[in-house]
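Have a look at this prediction, sequence included:
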Amino acid sequence: MEHRSNPPVPMESGATLPDAALSEDFLASIPTVCFGMIGRAASRAVTRVLAVHLAPLDLQPTQFPILVMIRLHRDDGIAALAARLELDASALTRNVQLLERKGFLTARGGRGRGGKSLALSAAGEEILVKAVAKWRLAQEALLAELGDEEAKILRSLLKRLEEAAGRAEHKVKV
């Protein structure tokens, strides 16, 4: 009986990946070494901790950094805020609309190059004070698990990974 292997799997660059690269052992190793998978899993876990702490305020973990950045950069428009938060403008717009409906934001202006200018309302300032207190509790919970030295190393490594990913992304862009 003649053994015929499957043809190699094509890759974007035009090179091919041998069948062995799709072995069960190789595929099983990916979740333990893939920066993307590990990073997203860690991000989701941290987000869950923050969600538990922010829940009494009816605030989502995705909304907390928006409030912080609007407070720091008063009168930024959606485009500038989206760039600061590294978010898609449409996703940011949905969150901004929710925060506006809750009475936490005020918006001036409208369409055009500058777009709406955003600021925290009095209620937004009040919720931010409460949210920062909850954020501190979440941070303290994580620090208690990691310890100060590990937390410092982790922050440094995550920043380096972000920078390395940025450089790698620019190398493959055409």
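Okay, I see it.

can we go C-alpha only for contacts and neighbour counts from here?
Will do.

Show me the helices in this protein, by range?
Along the chain, the stretches classed as helices by DSSP state H are 24-33, 35-54, 63-72, 78-85, 89-101, 122-146, 148-172.

So what pairs up with Leu118 in the strands?
Judged by DSSP bridges, the bridge partners of Leu118 are Ala107.

roughly how far apart are it and Leu128?
15 Å (Cα to Cα, to the nearest Å).

With Ala119 instead?
Distance of Ala119 to Leu128, given as Cα to Cα: 12 Å.

Run a quick neighbour tally on Asp58.
Counted with other Cα atoms under 10 Å, the neighbours of Asp58 add up to 12.

err, Glu86, not the other one
For Glu86, using other Cα under 10 Å, the count is 10.

need the contact list for it.
Shown in contact with Glu86 (Cα atoms under 8 Å, 6 or more residues apart in numbering): no residues.

Geometric centre of this protein: which residue is closest?
Ser43 (7.2 Å; Cα atoms, centre = their mean).

Quick check: that residue vs Asp88, distance?
Using Cα to Cα, Ser43 is found at 18 Å from Asp88.

Also Pro56?
27 Å.

Tell me how far Arg160 lies from Arg167.
For Arg160, the distance to Arg167 - Cα to Cα - is 11 Å.

what is in contact with those two at once?
Counting by Cα under 8 Å, 6+ apart, nothing touches both Arg160 and Arg167.

Look at Arg160 and say how many residues are nearby.
12.

measure it to Thr106 for me?
In terms of Cα to Cα, Arg160 sits 36 Å off from Thr106.

What is the burial count for Gly166?
Gly166: 11 neighbours (other Cα under 10 Å).

can you start the count at 29 instead of 1 from here on
In the new count, where the first residue is 29, that last one comes out as Gly194.

rewinding a little: include mean pLDDT when you put the helices of the chain into a markdown table, please.
Output for the helices of the chain, formatted as a markdown table (pLDDT from 0 to 100):
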| stretch | mean pLDDT |
| --- | --- |
| helix 52-61 | 89 |
| helix 63-82 | 97 |
| helix 91-100 | 97 |
| helix 106-113 | 93 |
| helix 117-129 | 93 |
| helix 150-174 | 98 |
| helix 176-200 | 95 |
